[in-house]
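Peer 1: Would you be able to build a 3D model of this:
(one chain, ligands or ions: 1)
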Amino acid sequence: MNIRSLFLEHLAQTSTAPVALHIVRAEGTYLIDADEKKYLDIIGGISVCNVGHGNKAVIDAIKKQSEAYLHIMVYGELIQTPQVAYAQMLTEHLPSSLQSVYFTNSGAEAVEGAIKLARRTTGRTDIIACQHSYHGSTTGALSLLGDEYWRNAFRPLMPGVWHYEYNSPELIEAINERTACVVIETVQAEAGVRLPEQDWMNRLRQKCDATGTLLVLDEIQCGFGRTGTLWGFEQYGIVPDILLLGKALGGGMPLGAFISSKERMMALTDNPVLGHITTFGGHPVSCAAGMAAFQYLLQEKIVESVASKSELWVSLLKHPKIKSVRSKGLLLAVALENAEAALHTLSRCKEEGLFSDWFLFAADCIRIAPPLTISEKEIREACAILLRCL
Ligand code: PLP
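Peer 2: Model (predicted):
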C-alpha cells in the first residue's frame, strides 16, 4: 500500500476530502512534497508558523532543551526553566493585569481553562459568545462555537451559553449580573476576517466592568503580530481580564495559554486544590521553541513589517472575480462568488504550487495567513499564481 492509502486507512479523518499532500520538508515559506514539488505556503499551518518553517533559532532551542530534559513531571509541580523564562518574557510584553500564565497543550484547552477560571472567580455560570466564532473542538469550547451546524451533532453541550452577533448592541445588552464572562475573538478569523468596531469594543469593556463580568479575548489565531501589533487588543485600547493564546505561541510546537492576574489565577490552587491540572501543558520543549520564536519575532522586528506586507497583498489582489478582500494585517480573506469558486481556485492553486485553504464560516473565501516572515517577492509570486488561477 502506498502512503496515501495508509493515511486514509489508518489515520482518523476529519473530512471526506483531505488535501492529502505528502509533505516531507518545510523551509521558510515553502512546503516540499515527496516528489520535490515546492508549494508556497500562504496559510502557515493556520496562523502557527509566524517565524517561517525550519527557523534555525527555534530548531536550536528544541535541540538544546531536548538534550536537557523532555517531560519530567506534570505541570505546576517542578520548576522548569523554559516555562518560567517564557512566562516571564510574555508577561513583560503584556499589561500589568495579565501577569500569570497557565500553559496548556492547545488553544481549546486554554479556552476550557478560561471558562473554569471565570466561573470559579465570579461564582456565576452564564457565558456569552458570538455567532460565527471558533474557539476549539473540545466540548466546552464547542459550546461557545457560533454555528449550529457544527454544534448540533454533539448535543447536549455545556448549558448557559448564549450567542449573539459580533458587533451587535444585543450582545452588550445581554450582559448582566449572571454573566460569568464574555468570550470573543479580538478579530474573528473563521468568520472570514471580521473586525470589531471600536465603539462596540469600548461598550463591551464598560458593560463587563459595570456588571462584574470577565472579558475573555481569544487571540489564539490573531495574536503574536498577525494583526500588525503584537496583540490585537492593543489596537482597540482595551485590556481583557483573561487572554487566550495558542498556535504561534509554541513556535510550531503544541502550546496554549490562558493568562490573567495573579490574584484571579490563585483561585485554581485551592478548594479544590489541583482545580485545573494537565500532564503535558507547558511542555518544556514547546516552551523553549515558543520563546525562541517570540525572541526572533521581536529581534528581527517582524511585526513592524506586517502592515506594509498586508497593504501589498491588498493592492495586488485585484481581479473581476474577487468580490472583496477583508484584512487585518497578515490575516486576509479573499471573497469569491461562492464556495465552489473558492474550492476550485484552491485546487488550481495547489496544482500551480500555492497552498492555502478556506474558512470554516466563510467557505466562499480564500484564506491568507502566511508566515509573517514572507518576503515581498514571495507575496508578488503568490498573488501572480492566485490571479492566474482565478
Ligand atoms: N480559538 C481560535 C480563534 C482558533 O482559531 C482555534 C483553532 O483554530 C482555537 C481557538 C482552538 O485551538 P486548538 O486547535 O489549538 O485547540
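
Peer 1: residues contacting Asp35?
Peer 2: By C-beta atoms under 8 Å, 6 or more residues apart in numbering, no residues touch Asp35. Any C-beta I mention is one placed from the backbone N, CA and C, and that applies to glycine too.

Peer 1: The closest residue to the ligand within the chain and Asn2, how far apart?
Peer 2: Nearest to the ligand, among the residues of the chain, is Gly107, at 2.3 Å (C-beta to the nearest ligand atom). Separation of Gly107 from Asn2 (C-beta to C-beta, to the nearest Å): 33 Å.

Peer 1: how many neighbours does the residue of the chain closest to the ligand have?
Peer 2: Using other C-beta atoms under 10 Å, Gly107 has 28 other residues around it.

Peer 1: which SSE is the residue found closest to Gln99 once you drop the neighbours it is linked to in the chain in?
Peer 2: Among residues not flanking Gln99 along the chain, Thr91 sits closest, at 4.9 Å (C-beta to C-beta, 6 or more residues apart in numbering). Element membership for Thr91 (DSSP states H and E) is helix 81-92.

Peer 1: List the buried residues of that helix.
Peer 2: With burial defined by 16 or more other C-beta atoms under 10 Å, the residues of helix 81-92 counted as buried are 82-83, 86-87, 90-91.

Peer 1: Which strands and helices lie in contact with that helix?
Peer 2: When contacts are defined as 3 or more C-beta pairs under 8 Å, 6 or more residues apart in numbering; DSSP states H and E, helix 81-92 sits against strand 100-104, strand 256-260, helix 284-299.

Peer 1: which one of the ones you listed is the most hemmed in?
Peer 2: By mean neighbour count, with neighbours taken as mean count of other C-beta atoms under 10 Å, strand 256-260 ranks first of the helices and strands packed on helix 81-92 at a mean of 27.

Peer 1: where's the helix or strand that comes right after that strand relative to the chain centroid, distance-wise?
Peer 2: Next along the chain after strand 256-260, taking DSSP H and E as the criterion, comes helix 262-265. Centroid separation for helix 262-265 versus its chain: 24 Å, with C-alpha atoms, centre = their mean, to the nearest Å.

Peer 1: quick one: average confidence on helix 262-265?
Peer 2: Averaging pLDDT along helix 262-265 gives 98.

Peer 1: Please export the C-alpha coordinates of that helix as CSV.
Peer 2: Taking Å, rounded to 0.1, in the frame of the first residue of the first chain, the C-alpha atoms of helix 262-265 are listed here in CSV:
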residue,chain,number,x,y,z
LYS,A,262,-2.1,36.5,39.8
GLU,A,263,-4.9,37.1,42.2
ARG,A,264,-7.5,35.6,39.9
MET,A,265,-5.3,32.7,38.9
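
Peer 1: What are the buried residues along that helix?
Peer 2: Under the neighbour-count criterion of 16+ other C-beta under 10 Å, helix 262-265 has 264-265 buried.
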